[in-house]
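Undergrad: Need a 3D model of the following:
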Amino acid sequence: MDLARKAHALDPDNGAVKDTLGWMLHLSGRHEEGAALLAEATAKLPRNAEIWRHWGEALAAEGKGEDAARVLRAALFLAPRSDRAERIRFLLNRISPRIVPPPYR
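TA: Just a heads-up that it's a prediction; the model follows:
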């Protein structure tokens, strides 16, 4: 995480760097801090479904199910056929089982 922090200090406006640091913070249990950076990352790279997924997972870990579902649906909308789409559907089903979109065919 030290390298991600250094990269963020050197280039604080870089969305990919914000995503990396935010995801690492989430994975280390610092969900709120990670989610804040991931929200900033989606603002910088709004068409990147993976960053939206990261943000949604961090929000879910914070217990913010409604916000997490909204963010995860955006990730699924951006990449319905991605290799992560099933993971997103799984997470959505855990958060709000009645509103999970069916697999894209």
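Undergrad: so what's the residue nearest to Ala4 when sequence neighbours are not counted up against?
TA: Nearest residue to Ala4, sequence neighbours excluded (Cβ to Cβ, 6 or more residues apart in numbering): Leu21, at 4.2 Å. (Glycine included, C-beta is placed from N, CA and C.) By Cβ atoms under 8 Å, 6 or more residues apart in numbering, Leu21 lies in contact with Met1, Ala4, Arg5, Ala7, His8, Gly34, Leu37.
Undergrad: Could you list the alpha-carbon positions for the helix-or-strand element of the chain with minimal mean pLDDT in CSV?
TA: When each helix and strand of the chain is scored by mean pLDDT, DSSP states H and E, helix 85-95 comes last, with a mean of 90. The C-alpha trace of helix 85-95 is given here as CSV (Å, rounded to 0.1, in the frame of the first residue of the first chain):
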residue,chain,number,x,y,z
ALA,A,85,-20.5,-9.4,-14.5
GLU,A,86,-21.4,-12.7,-12.7
ARG,A,87,-19.6,-11.4,-9.6
ILE,A,88,-21.6,-8.1,-9.8
ARG,A,89,-24.8,-10.1,-10.1
PHE,A,90,-23.9,-12.2,-7.1
LEU,A,91,-23.2,-9.1,-5.0
LEU,A,92,-26.4,-7.5,-6.2
ASN,A,93,-28.3,-10.6,-5.2
ARG,A,94,-26.8,-10.6,-1.7
ILE,A,95,-27.7,-6.9,-1.3
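Undergrad: can you map out the helices along this protein?
TA: For the chain, applying DSSP state H gives helices covering 2-10, 15-27, 31-44, 49-62, 65-78, 85-95.
Undergrad: Of these, which stretch is the most buried?
TA: helix 49-62 (a mean of 24; mean count of other Cβ atoms under 10 Å).
Undergrad: Now it: average pLDDT?
TA: Mean pLDDT, helix 49-62: 96.
Undergrad: and Asn14, what does it touch?
TA: Ala7, His8, Lys44.
Undergrad: what about this structure, any weak spots by pLDDT?
TA: By pLDDT under 70, the low-scoring segments of the chain are 97-105.
Undergrad: still on that earlier bit, measure how the least confident helix or strand of the chain sits relative to helix 65-78, angle-wise.
TA: Comparing the axes of helix 85-95 and helix 65-78 via axes from the mean of the first three to the mean of the last three Cα atoms, to 10 degrees yields an angle of 160 degrees.
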